[in-house]
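Student: requesting a structural model of the entry that follows:
(chains A and B)
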2 protein chains.
Amino acid sequence: MLYTIAVIQGSKMLQNLKSILEKAKSNAETRKFDVNVLAQSRLAPDMFPLVRQVQIACDSIKLGVARVVDQMDIVPKHADTETTIDDLISRINDTLDYLASVSPAMFEGASERRVGTPRWDGKTVSGDEFIVQYALPNLYFHTTTTYAILRHNGVDVGKQDFLGALPLR
Amino acid sequence: MLYTIAVIQGSKMLQNLKSILEKAKSNAETRKFDVNVLAQSRLAPDMFPLVRQVQIACDSIKLGVARVVDQMDIVPKHADTETTIDDLISRINDTLDYLASVSPAMFEGASERRVGTPRWDGKTVSGDEFIVQYALPNLYFHTTTTYAILRHNGVDVGKQDFLGALPLR
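Tutor: Predicted structure coming up:
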């Protein structure tokens, strides 16, 4: 199940984030403003602007997966140089490409692998804990904050854009 | 793993949401305003205010778990009458009590159970899909939006409050 919640659901949320940014582009065109103004919008002076929210959303799941499948040596690096909404969409696409390269078989042993971040002073959690308590909450946090910044600026996104399609039958 | 991501992680997020509301109370005391003003704060005129965000966060996980373990007949109902931050903290506590009453054994068969909501016209998804693609994303969405409303109003919450403690060792 770890593959499903990290790679499949993680990719779905990045697709939804991309749709939300595409809606911002259409909305800006309709309202006749430069959509890239939104890249520097924020909800409080001491919160990150939208550009950083999207970068961190991407890295939360990219690095989360790379750590638990032990691919930190080959995971693509990103320099955080994006300034436009189109740059951010490319960043999301790059991240989706990486996630698509990770197979269920690579998750062999991932649940129990001890993983951490450079900020944790050598301490670790299990792969399951890393995805469930850290990578996914961060992905959701920064995706929702991006959505909130856009809604606060009048962009017509809705909850369905955030959730994406469900496999109803 | 469904029990862990739904009940254990869901309860952790509600505990974090409670801590965030407690911080709002301290902050209001320091800045000398009535904390309950925040209950009606929102990020856009056509978004729900904080009180509704917390109600939906609670119901997302309460009803998500109740549906997949087939307890919709006994899950506690809430009338959505909260108006103060203390009311919301009680609502979270009630929800935590319900989640604590659900045991791992009750998840037998939950992953495959077909479940839906009254809005889905009789269509369903599997229990796994309901938790992973619907209940948890909604919980995170409304918890993050509550956090964003507070941060937008100058309340000194931080990412650690949102994530909670990690089982580092």
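Student: quick check: mean pLDDT of stretch A:75-86?
Tutor: When pLDDT is averaged over stretch A:75-86, the result is 98.
Student: and what of stretch A:120-127?
Tutor: pLDDT averaged over stretch A:120-127 gives 97.
Student: dump that stretch to CSV, restricted to CA.
Tutor: This file holds the C-alpha atoms of stretch A:120-127, laid out as CSV (Å, rounded to 0.1, in the frame of the first residue of the first chain):
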residue,chain,number,x,y,z
TRP,A,120,17.2,15.7,11.8
ASP,A,121,20.7,15.3,13.2
GLY,A,122,21.1,11.7,12.2
LYS,A,123,17.7,10.7,13.7
THR,A,124,15.4,8.6,11.5
VAL,A,125,11.8,7.3,11.2
SER,A,126,10.7,4.2,9.3
GLY,A,127,9.7,4.5,5.6
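Student: pull out the buried positions in that stretch.
Tutor: Neighbour counts over stretch A:120-127 (16 or more other C-beta atoms under 10 Å in any protein chain shown) mark A:Thr124, A:Val125, A:Ser126, A:Gly127 as buried. C-beta: built from backbone N, CA, C; applies to glycine.
Student: within reach of chain B, which of these are there?
Tutor: Within the set of the buried residues of stretch A:120-127, contact with chain B (C-beta under 8 Å from any C-beta of the partner chain) is found for A:Thr124, A:Val125.
Student: now the buried residues of stretch A:120-127 as JSON lines including secondary structure?
Tutor: Formatted as JSON lines, the buried residues of stretch A:120-127 follow (DSSP: H, G, I helix; E, B strand; the rest coil):
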{"residue": "A:Thr124", "secondary structure": "coil"}
{"residue": "A:Val125", "secondary structure": "strand"}
{"residue": "A:Ser126", "secondary structure": "strand"}
{"residue": "A:Gly127", "secondary structure": "helix"}
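Student: and which of the buried residues of stretch A:120-127 is nearest to chain B?
Tutor: Of all those, A:Val125 has the smallest distance to chain B: 5.6 Å, by C-beta to the nearest C-beta.
Student: contacting residues around the closest one?
Tutor: A:Arg114, A:Val115, A:Gly116, A:Gln133, A:Tyr134, B:Leu166, B:Pro167, B:Leu168, B:Arg169 (C-beta atoms under 8 Å, 6 or more residues apart in numbering or on different chains).
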